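> Here is a sequence together with a model predicted from it:
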Amino acid sequence: MLKKMRDLALIIVALTWVLPSQAQAWSKFGHVLVCEIAYRQLTDDARDKLNALIENQSFEDEHGDQLYPSFNHGCLREDQVRQRPSEHYINYPRDWSRVDNAQCPGGRDCLLSAIELDAERLADTSLSNDERLAAALALGHWIGDIHQPMHVSFSDDRGGNSVNKRGRCGASNLHAVWDRCLVERRVIFVREPANADEYAEFTPMYRAADWMIEDADHDAIMGWVATEPWEWAAESFDQIRQAEVHYCIKKGDACWYSETLRSYDGDEDNQRTVVIDEAYLDRFGPVVISRLTQAGYRLAATMEAALSD
């Protein structure tokens, strides 16, 4: 179903996406950035339909104002409500070496099933306005998460949460380095540094969306959106298994937790510690830029398909 929807969207977006210079399980900045890029790439028809869902919502805050006045910030909803915790990631057994299908491991719900479900719910016009809006906001979050490499990883160390770090970044573990530090230090506040006196909190994020769209290659974009969610997961999984990421210790094709433990045993005394320096941030900053950009365009194509008549 999702593939048929995306194939239809490709026909539409191929006619509307021109070169970026002619058009226009991340931290809050990363998720808002993905959804901002996607929103800008929607056709006028799809954007109007999404705006109608936002305008007609009955979600309200304590002051009676709309709870989700914009799509990009609404993509943070799943981190706020936390009603579907297992769907924020895909955790594979330690003996897994590649992702080659759309099945969630262990029969549990995961990012793959979540994307499928909410794309279908967004497309289902028999559902209420709020149900479809919630699906749109969830879809934005899930597609952001599946492009964060640490969200497609091993279950025993909880996607790098049980890998300590020292050195650069305020993060306490490797997962948080990828969730927040790389986004902020190599994407959001690179070309436009944070300055509370001059910029609103998210202004540098909007500027990042500007140059990321401008820098994106049209042919690459069309290749990105022609793929399936399980392939996005495979990209993330392949990334974290690279030795240079320091997520695992490569032993042939295997990816051990440490030099002596194939899998993390839960004993804090056996937790690994990795060093994060400027060279690490420089090496993987471009990876994060690529993953965020891919997520934005793939989200746009998925939503375009779901909102098409």
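Nice, thanks for sending it over.
> which residues in the stretch 101-250 of the chain form strands?
Ranges of strands within the stretch 101-250 of the chain are 152-154, 164-167, 249-251, based on DSSP state E, counting those that start in this stretch.
> what is the mean pLDDT for the first one?
Predicted confidence along strand 152-154 averages 97 (mean pLDDT).
> Walk me through which strands it pairs with, and which way each runs.
strand 90-92 (parallel) (DSSP bridges).
> hmm, who's touching the partner strand?
Residues outside strand 90-92 that contact it (CB atoms under 8 Å, 6 or more residues apart in numbering) are 99, 104-105, 110-112, 146, 151-155, 158-159, 233, 237. Quick note: C-beta positions are derived from backbone N, CA and C, even for glycine.
> So which of those is the closest to D130?
D130 has its nearest neighbour among the contacts of strand 90-92 in L111, at 22.9 Å by CB to CB.
> So what's the residue count around the closest one?
28 (other CB atoms under 10 Å).
> Equivalent analysis for E116, please.
E116 has 15 neighbours, counted by other CB under 10 Å.
> again with the one 5 residues further on
Other residues within reach of R121, judged by other CB under 10 Å, total 17.
> residues in contact with the closest residue to it other than its chain neighbours?
Counting by CB to CB, 6 or more residues apart in numbering, the nearest residue to R121 once its immediate chain neighbours are dropped is A135, at 3.7 Å. Residues near A135 by CB under 8 Å, 6+ apart: 117-119, 121-122, 127.
> Quick one: closest of the strands of the stretch 101-250 of the chain to D269.
By CB to CB (comparing all of these), the closest turns out to be strand 164-167, at 11.6 Å.
> any idea how far Q66 is from the residue nearest to R121?
A135 sits 17 Å away from Q66, going by CB to CB, to the nearest Å.
> and the residue nearest to R121, what pLDDT?
98.
> now swap in P204 and tell me
pLDDT recorded at P204 is 86.
> Could you check how many residues crowd around it?
Residues near P204, counting by other CB under 10 Å: 22.
> Just to check, it is in contact with F189?
Yes. Between P204 and F189 there is a contact under CB atoms under 8 Å: 5.6 Å.
> How much space separates A176 from G160?
8 Å.
> okay, these two: which has more neighbours?
Applying other CB under 10 Å to A176 and G160 shows that G160 carries more neighbours, namely 27 against 18.
> need the contact list for that one.
Neighbouring residues of G160 by CB under 8 Å, 6+ apart: 150, 153, 173-175, 178, 240, 247.
> could you dump these to JSON lines with neighbour count and distance to K28?
JSON lines is the format used below for the contacts of G160 (neighbours: other CB atoms under 10 Å; distance: CB to CB, whole Å):
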{"residue": "M150", "neighbour count": "27", "distance to K28": "16"}
{"residue": "S153", "neighbour count": "29", "distance to K28": "21"}
{"residue": "N173", "neighbour count": "21", "distance to K28": "18"}
{"residue": "L174", "neighbour count": "27", "distance to K28": "20"}
{"residue": "H175", "neighbour count": "25", "distance to K28": "16"}
{"residue": "W178", "neighbour count": "31", "distance to K28": "15"}
{"residue": "I240", "neighbour count": "22", "distance to K28": "22"}
{"residue": "Y247", "neighbour count": "26", "distance to K28": "23"}
